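Asks: any chance you could fold what I've pasted below:
(chains A, B, C and D)
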Protein chains: 2
Amino acid sequence: MSDSDRRGHCSGCPLAYALDILGDRWTLLVLRDLLLMGKRRFSEFAASSEGIATNVLSDRLKRLQERGLIESEPDPEDRRRVVYRPTEAGDDLLPAMVEIIRWGIRHDDDTRAPKVFADRVEEDREALLDDIRSGRWPPG
Amino acid sequence: MSDSDRRGHCSGCPLAYALDILGDRWTLLVLRDLLLMGKRRFSEFAASSEGIATNVLSDRLKRLQERGLIESEPDPEDRRRVVYRPTEAGDDLLPAMVEIIRWGIRHDDDTRAPKVFADRVEEDREALLDDIRSGRWPPG
DNA sequence: CAGATTGCTTGCGAAATGCAAGTGAATTGG
DNA sequence: CCAATTCACTTGCATTTCGCAAGCAATCTG
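Replies: Down below sits the predicted model:
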């Protein structure tokens, strides 16, 4: 049986529902790479500075796919590769992710988040979300 | 060594920082009880319908305290009891939590979240946040 | 004082995690 | 064309975390 079979808690609470999918150390970091960093391939996720183990990465991609937050297809230009993309449900996580990041920026004294991002979130959250969604971020 | 010593990943990413504190199945559910349900005691958290194990609950309360998201003091009216309260950093998580809940409501077909809440978040998020913060939620 | 309650700890089997190494298919270089 | 390399995983295994049941001291109630 795979790592990726987890028991849902079925409490009816939407937060518990979300945590059943996202409630671990790695899942949201993979989604960050997809939604904010524009990464699309296994080796790109694996190269992120947090250093996720490849077996865990493989498992998380599988779960995200089963839960409908991402989808994948073989890269037509190199069939060894697989291209992962967020679905609409995955993209829809952006506001939540940005709020968590915002909290992190405000409370981590050693944050290395780009100042442009930090400033922009506080100044105009909605505009920043639109920029990210339409590929206008990062600017310039 | 206690369960509550976890290794920080020190990547500098504010999301990774947040996940080092919040990235598990239970921590945010305890904070939900504190921020949204007005619960304050160990036995109240333990009674939530998700059914957290008492050793895990004990560990999470300890970690949240070490990380400065909650604080506790013995209940003057019954010294067996301990009263837990969110700190400012804990309260500050409310917007992120509400965004996650919003995602859960939109994507969980079987959600049992109160419709008043679901409607209000979509209609006027900021006003809802203010109502929660000032104890005006739930209404009536 | 006897019994119940509260917050929390302990013991233990099961599951998840991190790490290193390996696998097979596809691609590149010579 | 064939050896070497890349890529996305998988496997094995030791360590950590988990859920569950039981136990505990301190406090309160009758």
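Asks: only C-alpha atoms for contact and neighbour calcs from this point on.
Replies: Noted.
Asks: residue A:117 should be in a helix, yeah?
Replies: Yes - read with DSSP: H, G, I helix; E, B strand; the rest coil, residue A:117 is one of the residues of a helix.
Asks: tell me how many other residues crowd it.
Replies: When neighbours are defined as other Cα atoms under 10 Å in any protein chain shown, residue A:117 has 17 of them.
Asks: same question for residue A:88.
Replies: Around residue A:88 sit 11 other residues, with neighbours defined as other Cα under 10 Å.
Asks: per-residue pLDDT, it?
Replies: According to the model's per-residue confidence, residue A:88 sits at a pLDDT of 98.
Asks: now the one 10 residues further on
Replies: At residue A:98 the predicted local confidence, pLDDT, stands at 98.
Asks: contact partners for the closest residue to residue A:87 other than its chain neighbours?
Replies: What sits nearest to residue A:87 in space, not counting adjacent residues and going by Cα to Cα, 6 or more residues apart in numbering or on different chains, is residue A:70, at 4.9 Å. Contact partners of residue A:70, counting by Cα atoms under 8 Å, 6 or more residues apart in numbering or on different chains, are A:61, A:64, A:84, A:85, A:86, A:87, A:90.
Asks: phi, psi for residue A:70 please.
Replies: In terms of degrees, to the nearest 10, the main-chain angles of residue A:70 are phi -140, psi 160.
Asks: from residue A:35, how far out is it?
Replies: Here the criterion is Cα to Cα, to the nearest Å. By it, residue A:70 lies 11 Å from residue A:35.
Asks: name the residues contacting each of those two.
Replies: Here residue A:70 and residue A:35 share the contacting residues residue A:86, scored by Cα under 8 Å, 6+ apart.
Asks: how close does residue A:48 get to residue B:30?
Replies: Here the criterion is Cα to Cα. By it, residue A:48 lies 30 Å from residue B:30.
Asks: out of these two, which sits in the busier spot?
Replies: Here residue A:48 and residue B:30 are compared on neighbour count by other Cα under 10 Å; more neighbours surround residue B:30, at 24 against 14.
Asks: mind telling me what element that one is part of?
Replies: When secondary structure is defined by DSSP states H and E, residue B:30 falls within helix B:27-35.
Asks: got the confidence number for the most centrally placed residue in chain A?
Replies: Nearest to the centroid of the C-alpha atoms of chain A, with distances taken as Cα atoms, centre = their mean, sits residue A:31, at 1.2 Å. What the model reports as pLDDT for residue A:31 is 98.
Asks: in chain A, which ranges drop under the pLDDT threshold?
Replies: In the prediction, chain A carries residues with pLDDT under 70 at positions A:1-9.
Asks: about what we covered before: for the residue nearest to the centre of chain A, which residues are in contact?
Replies: By Cα under 8 Å, 6+ apart, the contact set of residue A:31 is A:86, A:90.
Asks: let's see the helix or strand harbouring residue A:56 as PDB, backbone CA atoms only.
Replies: Element membership for residue A:56 (DSSP H and E) is helix A:54-66. The C-alpha coordinates for helix A:54-66 follow below in PDB (Å, rounded to 0.1, in the frame of the first residue of the first chain):
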ATOM      1  CA  THR A  54      12.600  12.100  -3.700                       C
ATOM      2  CA  ASN A  55      10.400   9.400  -2.300                       C
ATOM      3  CA  VAL A  56       8.300  11.900  -0.400                       C
ATOM      4  CA  LEU A  57       8.200  14.200  -3.400                       C
ATOM      5  CA  SER A  58       7.000  11.400  -5.600                       C
ATOM      6  CA  ASP A  59       4.300  10.600  -3.000                       C
ATOM      7  CA  ARG A  60       3.100  14.200  -2.700                       C
ATOM      8  CA  LEU A  61       2.800  14.600  -6.500                       C
ATOM      9  CA  LYS A  62       0.800  11.400  -6.600                       C
ATOM     10  CA  ARG A  63      -1.500  12.600  -3.800                       C
ATOM     11  CA  LEU A  64      -2.000  16.100  -5.200                       C
ATOM     12  CA  GLN A  65      -3.000  14.500  -8.500                       C
ATOM     13  CA  GLU A  66      -5.400  12.100  -6.800                       C
END
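Asks: run the chain-centre distance for it.
Replies: Here helix A:54-66 is found 12 Å from its chain centre; the criterion is Cα atoms, centre = their mean, to the nearest Å.
Asks: adjacent strands (with direction) for the next helix-or-strand element following it?
Replies: Per DSSP H and E, helix A:54-66 leads on to strand A:70-74 as the next helix or strand towards the C-terminus. Strand A:70-74 has its sheet partners listed here by DSSP bridges as strand A:82-86 (antiparallel).
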